[in-house]
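Give me the fold of what follows.
(one chain, ligands or ions: 1)
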Amino acid sequence: MSDLRELYQQVILDHNKEPRNFQKLEGANHTAEGYNPLCGDEITVYLQVEGDMIGNISFQGSGCAISKASASLMTASVKGKTKAEAEALFHTFHKMLTGQTDSAFDPRELGKLAVFSGVREFPVRVKCATLPWHTLRAALEGKEEKVSTE
Ligand code: ZN
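Predicted coordinates for the structure are as follows:
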């Protein structure tokens with residue numbers, strides 16, 4: 001288990017250092033901003049929605065390693081997915097982070113997002129990991145107001 005934990009740690013650090021899709025998206029038709037006052041994480045999510053599908057996604061912002069790595073892995077996970085698929089993924093991800101792993105929970109659905117499983121031991125950090133997802137949801141819904149985790 002400690003080997004796995006170390007691997008997870010490395011993936012998070014790698015995505016923090018070299019976040020994927022970390023840029024402003026030219027041609028974005030949905031954007032939203034999110035803020036986690038507990039930690040100071042700030043993020044802007046850019047989306048190019050094509051019909052019901054997330055055709056392209058990127059983000060910018062500043063924050064802790066967890067929030068940045070979570071945003072990076074989120075963009076990689078939802079690109080090319082439908083809104084409903086992205087929502088379902090967030091639901092499963094949230095279950096993992098809050099320890100609500102009931103019989104319907106299948107960690108295989110999460111793919112690389114499983115690297116955040118250790119975050120549930122640090123409740124304060126759960127908001128860092130979910131901020132990008134709340135911001136994604138706001139962007140999909142076309143909310144103008146800044147999302148806050150508080
Ligand atoms: Zn944070």
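
The nearest residue to S62 once chain neighbours are set aside: which element?
Leaving aside its sequence neighbours, S62 sits nearest to E42 (CB to CB, 6 or more residues apart in numbering; 5.7 Å). (Each C-beta comes from the backbone N, C-alpha and C, glycine too.) Using DSSP states H and E, the element containing E42 is strand 41-50.

So for whatever helix or strand comes next after that strand, what gets flagged as buried?
Using DSSP H and E, the helix or strand that directly follows strand 41-50 along the chain is strand 53-62. Neighbour-count burial for strand 53-62 flags M53, I54, N56, I57, S58, F59, Q60, G61 (criterion: 16 or more other CB atoms under 10 Å).

tell me the two of these that are most distant?
M53 and G61 (23.8 Å; CB to CB).

Please enumerate the helices of this structure.
Assigned by DSSP state H, the chain shows helices spanning 2-17, 65-78, 83-98, 123-141.

of all the ones you listed, which lies closest to the ion?
Smallest distance to the ion across the helices of the chain (CB to the ion): 3.1 Å, for helix 123-141.

Quick one: mean pLDDT over that closest one.
What helix 123-141 shows for mean pLDDT is 96.

That helix packs against which elements?
Other elements packing on helix 123-141 under the criterion 3 or more CB pairs under 8 Å, 6 or more residues apart in numbering; DSSP states H and E are strand 30-36, strand 41-50, strand 53-62, helix 65-78, helix 83-98, strand 147-148.

mind redoing it with 7 Å?
strand 30-36, strand 41-50, helix 65-78, helix 83-98, strand 147-148 (3 or more CB pairs under 7 Å, 6 or more residues apart in numbering; DSSP states H and E).

returning to that earlier point: quick one, what contacts the residue nearest to S62?
By CB atoms under 7 Å, 6 or more residues apart in numbering, E42 lies in contact with Y35, G61, S62, G63.
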